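Engineer: Sequence first, predicted model second:
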Amino acid sequence: MDDDVPGAGRVEGKSSAAFGPREIAAAGSALLILLVLIKIYGVAHFSLTTTTGLLAAPPVQVALGTVTIYAYHVLPALALGTCWLAVRYRRNIAWGVWPVIVIVAIVATLASPFQYLLVELGVVAVAVLLEVGLWRLIKERPSRTLNGLRGMMFVYLAAAVLAYQFLVSLDAPWVSAQAFRVDAAAVVRTQHMTWDPNEFDVLSDRVFIGYPIAEEAGWLTVLHADTRYLMRFPAASVRDRLTCHYEKDQLHGDRPLLSVLQDRPYDSPNIDCEMVRTYLYSRP
C-alpha cells in the first residue's frame, strides 16, 4: 500500500539527504559561536557582567585567537590526523591528492613543538593498544557496534585530549598579555576576592598587566590579568605598552621538531611579564 502513496519515494529520498553540506555548515557555524561564547565566559572567570563587557571584542579575533593559543596542540594533532586520514582512506584518495597530504603532514610535523608532539605520539600509542584489544574482542565476540569503532580510537582519544586542554585553559585569553604604564593611576579592582568578595576595596595602579580587548574612539578596554577587572581608560594616557609572556595563563613554549633536528635552542622573543612590570615600575 505504501508504494501507491503519491510522492512516498520522493519524501524518503529527501529525508535521507536532509543533512547535506548546507546543514553541516550551519551546524559548524553554530558550534563555533557556542565555543566562542564559552571561551569568553571562561576568560571572564564565569562572571556574566564581565562576559557581556568582553563581547566588545570582534568575534573573528576571538575565534582566530583561540585557535592560535592552542596551536601547540593543534599542529601535532593536524600532523598525526593527516596521517590517520591517509591510512584509513588510502583506497579512496586520488593520486593527485597524495602530494598535498604528504606536504601537510611533513610541514605540520616539523612545525610541531617537540614536547607536545611527544604527547600526541603517546596518544597514538594508546590508540594502537586499544585497537589491538578491540580487534581481539571482536574476534572472540563479533559485534556490529564494536566493529564500527575499529580505526576510530585515535580520533576519540585526540578529541578527548584537545577537549581537556580547552577546558583546563578555558580562562586563558585569546590575545597576548601586555604590560601597561599609564599617566594616572587606573582602577585595577573594586573588591578583594581572597577574603570578602562583597567588600568594596578599590585598588589603583599606574603599572599593570592586562589583555587588550578593544580600542575605539580613543579609549582602550583592557582585562586585568590578575583580577579580571574590565578596565577602560584613554589610549592617550598610555606611556608604555610592552608585549610579554604571562606564565600564569599562557602555555609554555617549546622549540619545534625542525629546531630539534637542527640542534637550535628555543629562544622566545617575549620575556616574562613580571620582569617587564618590574622594569616599568623603575621608570620615572
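Structural biologist: Cool, got the structure. From a predicted model like this one, the values you see are computed outputs, not experimental measurements. Residues are numbered from 1 along each chain as shown.
Engineer: Strands of the stretch 51-200 of the chain, residue ranges please.
Structural biologist: For the stretch 51-200 of the chain, the strands defined by DSSP state E, counting those that start in this stretch cover 178-191, 200-216.
Engineer: tell me which residues of the first one are tucked away?
Structural biologist: Spelled out, it's strand 178-191. Of all the residues in strand 178-191, those buried under the rule 16 or more other C-beta atoms under 10 Å are 178, 179, 180, 181, 182, 186, 188, 189, 191. In short, each C-beta sits where N, CA and C put it, glycine included.
Engineer: any idea how far the third one is from residue 148?
Structural biologist: This means residue 180. Per C-beta to C-beta, to the nearest Å, residue 180 is found 54 Å from residue 148.
Engineer: Then residue 178?
Structural biologist: With distances taken as C-beta to C-beta, residue 178 is found 49 Å from residue 148.
Engineer: Dump the strands of the stretch 51-200 of the chain to CSV, plus distance to residue 270 and mean pLDDT.
Structural biologist: CSV is the format used below for the strands of the stretch 51-200 of the chain (distance: least, C-beta to C-beta, whole Å; pLDDT from 0 to 100):
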stretch, distance to residue 270, mean pLDDT
strand 178-191, 10, 91
strand 200-216, 12, 90
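Engineer: Figure out which of the ones you listed is closest to residue 26.
Structural biologist: Of all the strands of the stretch 51-200 of the chain, strand 200-216 sits nearest to residue 26, with 28.3 Å by C-beta to C-beta.
Engineer: which regions of the protein lie under the pLDDT threshold?
Structural biologist: Residues of the chain meeting the criterion pLDDT under 70: 1-20, 193-197.
Engineer: Helices along that one, start to end?
Structural biologist: Taking DSSP state H as the criterion, the chain contains helices spanning 8-16, 21-43, 48-54, 59-69, 71-88, 98-111, 114-140, 144-148, 153-168, 257-261, 273-282.
Engineer: Most tightly packed of those helices?
Structural biologist: Stretch with highest mean neighbour count among those: helix 71-88 (a mean of 19; mean count of other C-beta atoms under 10 Å).
Engineer: what sits up against that helix?
Structural biologist: Identification of contacts with helix 71-88 by C-beta atoms under 8 Å, 6 or more residues apart in numbering yields 67, 93, 98, 101, 104-105, 108-109, 111-113, 116-117, 119-121, 123-124, 151, 154-155, 158, 161-162, 165, 251, 253-254.
Engineer: Same question for stretch 112-129.
Structural biologist: Residues from elsewhere that reach stretch 112-129 (C-beta under 8 Å, 6+ apart): 72-73, 75-77, 79-80, 109, 153-154, 157-158, 161, 253-257, 259-260.
Engineer: ok, residue 29 to residue 35 distance?
Structural biologist: Applying C-beta to C-beta, the value for residue 29 to residue 35 is 11 Å.
Engineer: again, but for residue 107
Structural biologist: Residue 107 sits 26 Å away from residue 35, going by C-beta to C-beta.
Engineer: and if you look at residue 238?
Structural biologist: Distance from residue 238 to residue 35, by C-beta to C-beta: 32 Å.
Engineer: ok, back up a step: wait, which of the strands of the stretch 51-200 of the chain is closest to residue 244?
Structural biologist: Taking C-beta to C-beta, strand 178-191 is the member of those nearest to residue 244, at 5.4 Å.
Engineer: how's this structure carved up into domains?
Structural biologist: When the chain is parsed with automatic domain parsing, its domains come out as 71-168, 178-282.
Engineer: any chance of those domains in TSV, plus distance to residue 39?
Structural biologist: Formatted as TSV, these follow (distance: least, C-beta to C-beta, whole Å):
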stretch	distance to residue 39
domain 71-168	8
domain 178-282	13
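Engineer: can you tell which of those domains is closest to residue 63?
Structural biologist: When those are compared by C-beta to C-beta, domain 71-168 sits nearest residue 63, at 13.1 Å.
Engineer: Can you name the residues in contact with stretch 21-32?
Structural biologist: By C-beta under 8 Å, 6+ apart, stretch 21-32 touches residue 63.
Engineer: ok, and the closest non-adjacent residue to residue 185?
Structural biologist: In space, and not counting its chain neighbours, residue 185 is closest to residue 204: 3.9 Å by C-beta to C-beta, 6 or more residues apart in numbering.
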